[in-house]
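*Asks:* pasting the structure only:
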């Protein structure tokens, strides 16, 4: 085939797809500042989730979600399954990066006032997505069923007891025929991804309806911006896909340098490890107030975050006009970081109750 | 006083917090547990049943992915409405190591199950239940070395992904 006929044919295929898939509908206007890194953190998180879904499907073919076989199946994944160690490590590192980007995304929204009217509902949808992300990370950390995973499961059980019947799903009494580990696996691969899918559709729909929040200037006020801007959503998506490939590159590199860790098989009743960094900050609170803190402190934090759009009802977006709220939020954030550093520096046994 | 939906939700949540999960999910059905939960083939286990009616006869079966072994029958003992049993049984010495369930069922359809892990060592079977190792926070040491071609392939995939990502981010559309 000659080059003269090849180019038009390729162009015609693109045009045909564009027409039939309605791709031109994605070229609606978005503000230029939507393409900055800060405003791309949510999209980068979503790209990371795409990597997690694909790698997770592969891992699920070889993982055995039974307490007696879970750890050995992970060992087999690492040592026998083709690309098992690499895919598991990419899954692990992508989960770590996604946790960072989702937290930074929330902080960006908080500090730029992007939760204000008319975006309050999307703030709550975002909090739901944050909770689901952390739940996915937690259940994922348990599944490997090494000493750290088993201890996480024990803390899960204790925290569930604190909230009574509300934590019933996490109790052994919920089902006498299926082990809790198997049900957490079900949650990790079915319930939580389904909830994530529903909420992310709602999140994207509301962003489309209200537009990207205005650029923060000293006089900027929150308002709907749908249909405004000098850039195109299709260009924005292309950049997000680009960030997704960068994320994959980093995950691959980390996987090569530091494969995902796996501890010794878990021994019930012992506490000799520390949790992953995103849960580590809770441990000084557990030492001070007991296991109740594992349920109460996150609940209080969630309520505080939920109150943000209720407390801060002014239309102004500039941080200089929201000093009190941001100082309180900053102090809470510092306290969490300091708590995490203290827990990280202390010996593993020190967090025992 | 008219209660709004959020108030009703808060009240229901508060009530649920104060109710133990075990009360909500109490089945009123027979329960069994196996002691020890990890035992060697050829060794013995004790099956303990509770929340049963005296006089009921349960068939005990050891179920695996590819096998099912009858462990025999046991009759529930006790006074009044509450009964139970505790019976020691042998695990077949030729049973393959792995995950099993002990199922207790009556002809009327009542069923209770408990997990049992069977290990392989005959020596451990002679000396009783399998010994549990000391807990350790140390990493599980595995041979995770990769060949030069694997390292080169992963590195190349990482670089290609990075180049594609930078191109998509920087290109003008």
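*Replies:* Done, it's in. Predicted model only: the values in this text are computed from it and were never measured.

*Asks:* residues near the residue in the stretch 151-300 of chain A that chain B sits nearest to, how many?
*Replies:* As assessed by CB to the nearest CB, chain B sits closest to residue A:242 within the stretch 151-300 of chain A, at 2.9 Å. (C-beta placed from N, C-alpha, C; glycine too.) Neighbour count for residue A:242, taken as other CB atoms under 10 Å in any protein chain shown: 22.

*Asks:* Would you mark the buried spots in the helix or strand encompassing it?
*Replies:* Assigned by DSSP states H and E, residue A:242 belongs to helix A:233-257. In terms of neighbour count (16 or more other CB atoms under 10 Å in any protein chain shown), helix A:233-257 has its buried residues at A:233, A:235-256.

*Asks:* what residues are up against the closest residue to residue A:179 other than its chain neighbours?
*Replies:* Closest residue to residue A:179 apart from its sequence neighbours, by CB to CB, 6 or more residues apart in numbering or on different chains: residue A:67 at 5.3 Å. Residue A:67 sits next to A:145, A:179, A:181, B:99, B:115, B:117 when contact means CB atoms under 8 Å, 6 or more residues apart in numbering or on different chains.

*Asks:* which residue is nearest the centroid of chain B?
*Replies:* Centroid check for chain B by CA atoms, centre = their mean gives residue B:115 as the closest residue, at 5.5 Å.

*Asks:* my guess is it contacts residue A:69, does it?
*Replies:* No - counting by CB atoms under 8 Å, residue A:69 is not a contact partner of residue B:115; they are 10.9 Å apart.

*Asks:* shared neighbours of those two, anything?
*Replies:* By CB under 8 Å, 6+ apart, residue B:115 and residue A:69 have these common neighbours: residue B:99.

*Asks:* elements contacting the helix or strand where residue A:194 lies?
*Replies:* Using DSSP H and E, residue A:194 maps to helix A:192-210. Contacts defined by 3 or more CB pairs under 8 Å, 6 or more residues apart in numbering or on different chains; DSSP states H and E place helix A:192-210 against helix A:37-60, helix A:120-143.

*Asks:* Pull out the buried positions in it.
*Replies:* Neighbour-count burial for helix A:192-210, counted by 16+ other CB under 10 Å, picks out A:192-193, A:195-196, A:199-200, A:202-203, A:206-207, A:210.

*Asks:* Kindly indicate which of those lies nearest residue B:170.
*Replies:* Among these, residue A:207 lies closest to residue B:170 (CB to CB), at 24.1 Å.

*Asks:* Please tell me how far the closest residue to chain A within chain B sits from residue A:17.
*Replies:* Of all residues in chain B, residue B:168 sits closest to chain A, at 2.9 Å by CB to the nearest CB. To residue A:17, residue B:168 is 18 Å away according to CB to CB, to the nearest Å.

*Asks:* And these two? Which one has more around it.
*Replies:* Comparing residue B:168 with residue A:17 by other CB under 10 Å, the one with more neighbours is residue B:168, at 19 against 11.

*Asks:* Isn't that one up against residue A:236?
*Replies:* No - counting by CB under 8 Å, residue B:168 stays clear of residue A:236, with 11.3 Å between them.

*Asks:* Now do residue B:120, the pLDDT please.
*Replies:* The pLDDT attached to residue B:120 in the predicted structure is 66.

*Asks:* Give the next helix or strand downstream of the helix or strand bottoming out on mean pLDDT in chain B.
*Replies:* Ranked by mean pLDDT, DSSP states H and E, the weakest helix or strand in chain B is helix B:122-126, scoring a mean of 48. Moving toward the C-terminus from helix B:122-126, the next helix or strand (DSSP H and E) is helix B:148-170.

*Asks:* Now do that next one, average pLDDT.
*Replies:* Helix B:148-170 comes out with an average pLDDT of 97.

*Asks:* ok, and the closest non-adjacent residue to the residue of the stretch 151-300 of chain A closest to chain B?
*Replies:* Leaving out its chain neighbours, the residue that sits closest to residue A:242 by CB to CB, 6+ apart is residue B:168, at 2.9 Å.

*Asks:* who's in contact with the one you found?
*Replies:* So residue B:168 contacts A:238-239, A:241-242, A:245 (CB under 8 Å, 6+ apart).

*Asks:* and if you look at residue A:129?
*Replies:* The contact partners of residue A:129, by CB under 8 Å, 6+ apart, come to A:102, A:196, A:199-200, A:203.

*Asks:* same question, residue A:130
*Replies:* With CB under 8 Å, 6+ apart, residue A:130 has these contacts: A:102-103, A:106.

*Asks:* Would you map the helices across chain B?
*Replies:* Along chain B, the segments classed as helices by DSSP state H run B:5-18, B:21-24, B:122-126, B:148-170.

*Asks:* so can I have JSON lines of those showing distance to residue B:30?
*Replies:* Shown next, in JSON lines, are the helices of chain B (distance: least, CB to CB, whole Å):
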{"stretch": "helix B:5-18", "distance to residue B:30": "27"}
{"stretch": "helix B:21-24", "distance to residue B:30": "16"}
{"stretch": "helix B:122-126", "distance to residue B:30": "29"}
{"stretch": "helix B:148-170", "distance to residue B:30": "53"}
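
*Asks:* quick one: which of those helices is nearest residue A:265?
*Replies:* Nearest to residue A:265, of those and by CB to CB, is helix B:122-126 at 15.9 Å.

*Asks:* can stretch A:42-58 be found next to chain B?
*Replies:* No - applying CB under 8 Å from any CB of the partner chain, one finds stretch A:42-58 separated from chain B by no less than 9.7 Å.

*Asks:* Run through the strands of chain A in chain order.
*Replies:* Applying DSSP state E to chain A gives strands spanning A:29-30, A:231-232.

*Asks:* Can you tell me how far the closest residue in space to residue A:132 that isn't next to it in sequence is from residue A:114?
*Replies:* Leaving aside its sequence neighbours, residue A:132 sits nearest to residue A:196 (CB to CB, 6+ apart; 5.0 Å). In this view, residue A:196 and residue A:114 are 21 Å apart by CB to CB.

*Asks:* same question, residue A:96
*Replies:* 25 Å.

*Asks:* for residue A:178, same thing?
*Replies:* Taking CB to CB, one finds residue A:178 at 42 Å from residue A:114.

*Asks:* In terms of neighbours, single out the busier of these two.
*Replies:* Between residue A:178 and residue A:114, counted using other CB under 10 Å, residue A:114 has the larger neighbour count: 21 against 14.
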